[in-house]
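sharing a sequence plus its predicted fold:
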Amino acid sequence: MFIHELKIENFKGYNGHDNEFKFNVPDGEKEGSGLNIFVGENNSGKSTVFEVIEFLKDGSKKDIADLINRSYPEDIASHLSVEMTFTGSLQEVINAHVQPNKISAFNSRVYNVDGMSYFRVKRSSEEDVKKIMFWNNAEGGYSNPSGIDAPFKKFYDNNFIWADTNPSNEAKFGSTTICGSLLKEIASGHTQTEEYKAFSANFQSVFNDPASELRQKISTVENKVKEVFSSQFGNANISFMFEELQVENFFKTISIMIDDGVNVSMGEKGHGMQRALALSLIQVYADITCNIQGVGIIGKPFYLFIDEPEICLHPSGQQKLLEALMVISKSKQIFLTTHSPFMLSSPHLKNVGLFIFKKENNKNVVSRADTSPLFPWSPSWGEINYKAYNLATVELHNELYGLLQEQSQRFFENEFDQWLVAQGITQSKQWTREKKGVPGQACAVTLQTFIRNHIHHPENFTMQGNKYNQQDLNDSIEQMIHLVS
């Protein structure tokens, strides 16, 4: 089961109701097929999407007034809503992970369109925001079937690594942390083994068998309590019964030790290593929970959200993490935000759902990078930089220059420059060639060829005093984009 579509209405920087996302879902084959990457300027709504998804599942302790969009102070929205549509093996997942008396309430809301199954839910301040609403496709409306809120929260797992998450928290062993969930997942399958049954029998023998040495000492205390109680409140038997420990409670005193030459606890390592370990743990948890072995066993849906994974990770660490996420996303759905070129450096980037975020007129505006690709090999890092940050780069200039040469079939500098002139671009610059360090005669060239020659021939001493600036680079790129067919 995967997140197919998300619609946001008046939530923080998302104004109005036309904020829609169609996410990539894993296809089981291509690396990156289930990876969704958000890039763009700060304060453009990338992390807000994570918050929206968390809000839909669990609600929020914040006042709704603090979440409603205020893009236009003179016309503040009256309500907010979040709508999400799931797809995939919905009924199998529902049957496996919804409590039995609520399965029919979930399954009755699954609908089919063009051979695909969908399940749509909504949380809105127009209704009771504490209640999750299920879409009824036959009736064309939402409702809240009795008793489905708690089962829905347990239906699937969202796991977030926020940019400001303290990584040591994820390495603790509480029931809601990654480590706690990871070891509980491992141990839950161990309770039926002979080893665990022997442990359980020994526990009962030591703590609850009247013949045990510990139990006899405890009975002395029980008898004294009984005497005091009976003298003051009436006759009654008093006994201390030890219930068998829950598996997840076994791990609460565990510490993670890291030995990279010196064996110390995780908390004593640097923030970068702590974050790297937290990201490693969450990858392992994703792999275990989504690849449960056994005939007829359906794994619980697990969605991984990583906010700026590059924080405290050096470039090679970022690239290794991206490689791992690319492989994992063949079968699991992953979402991440980033500003780093190293998190976008992959031969499989074409398979990824890449979303460009911008702030326009105080509103968050989002587009997919593949809606208007510049190149047959899109998206490239230079193209992403230009679309997301309005940043002109030499990489994009090189790509556009080469693409236009290919489209025009003009591969020599002079003939390509003449082709550019024929397209309406003027030869506004002078370029002086050097041969064995000796300058030749200056000749008129277009801005595009002038910049291209500077990029390709930094050794030209004669031209070092006559360089292009960032505005020149931007103008040249804009002109070439207009020529791309």
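Ah, there it is.

what residues go with each domain of the protein?
What automatic domain parsing lists as the domains of the chain is 2-167+301-377, 394-483.

end to end on the longest one, go ahead and measure it.
Domain 2-167+301-377 has an end-to-end distance of 27 Å (Cα to Cα, to the nearest Å).

pLDDT weak spots in the chain?
For the chain, applying pLDDT under 70 flags the ranges 165-189, 245-254, 266-267, 269-272, 282-283, 285-297.

which SSE is the residue nearest the centre of it in?
Centroid-nearest residue in the chain: residue 335, 2.1 Å away (criterion: Cα atoms, centre = their mean). Assigned by DSSP states H and E, residue 335 belongs to strand 333-338.

hmm, back to that, closest to residue 265 out of the domains of the chain?
For residue 265, the closest of the domains of the chain is domain 2-167+301-377, at 13.0 Å, according to Cβ to Cβ. Any C-beta I mention is one placed from the backbone N, CA and C, and that applies to glycine too.

give me the phi and psi angles of the residue of the chain most remote from its centre.
Largest separation from the mean C-alpha position in the chain: residue 231, at 63.5 Å (Cα atoms, centre = their mean). In terms of degrees, to the nearest 10, the main-chain angles of residue 231 are phi -70, psi -20.

how near is it to residue 225?
11 Å (Cβ to Cβ, to the nearest Å).

what's the answer for residue 280, then?
In this view, residue 280 and residue 225 are 49 Å apart by Cβ to Cβ.

which one is residue 437 nearest to, not counting chain neighbours?
residue 461 (6.9 Å; Cβ to Cβ, 6 or more residues apart in numbering).

thinking that neighbour is in contact with residue 436, fair?
No - assessed by Cβ atoms under 8 Å, residue 461 is found out of contact with residue 436, at 11.5 Å.

more crowded one of these two?
The residue with more neighbours, out of residue 461 and residue 436, is residue 461; 10 against 4, by other Cβ atoms under 10 Å.

isn't residue 425 up against residue 450?
No - Residue 425 is beyond contact range of residue 450, at 11.3 Å (criterion: Cβ under 8 Å).

more neighbours: which of the two?
Taking other Cβ under 10 Å, residue 425 and residue 450 do not tie; residue 450 has more neighbours (22 against 19).

is it true that that one lies in a strand?
No - checked against DSSP: H, G, I helix; E, B strand; the rest coil, residue 450 lies outside a strand; its state is helix.

what's near enough to touch the closest residue to residue 204 other than its chain neighbours?
Leaving aside its sequence neighbours, residue 204 sits nearest to residue 244 (Cβ to Cβ, 6+ apart; 7.1 Å). Neighbouring residues of residue 244 by Cβ atoms under 8 Å, 6 or more residues apart in numbering: 200, 203, 204.

could you redo the last one with a cut-off of 10 Å?
Listed by Cβ atoms under 10 Å, 6 or more residues apart in numbering, the contact partners of residue 244 are 199, 200, 203, 204, 207, 208.

okay, helices next: where are they in the stretch 101-250 of the chain?
Per DSSP state H, counting those that start in this stretch, the stretch 101-250 of the chain carries helices over the ranges 103-107, 149-153, 167-170, 178-188, 194-207, 213-233.

which of the ones you listed sits closest to residue 9?
Comparison of these against residue 9 by Cβ to Cβ identifies helix 149-153 as nearest, at 19.9 Å.

what lies in contact with the closest one?
So helix 149-153 is contacted by 56-59, 94, 97-99, 101-103, 105-106, 121, 128, 130-132, 134, 145 (Cβ under 10 Å, 6+ apart).
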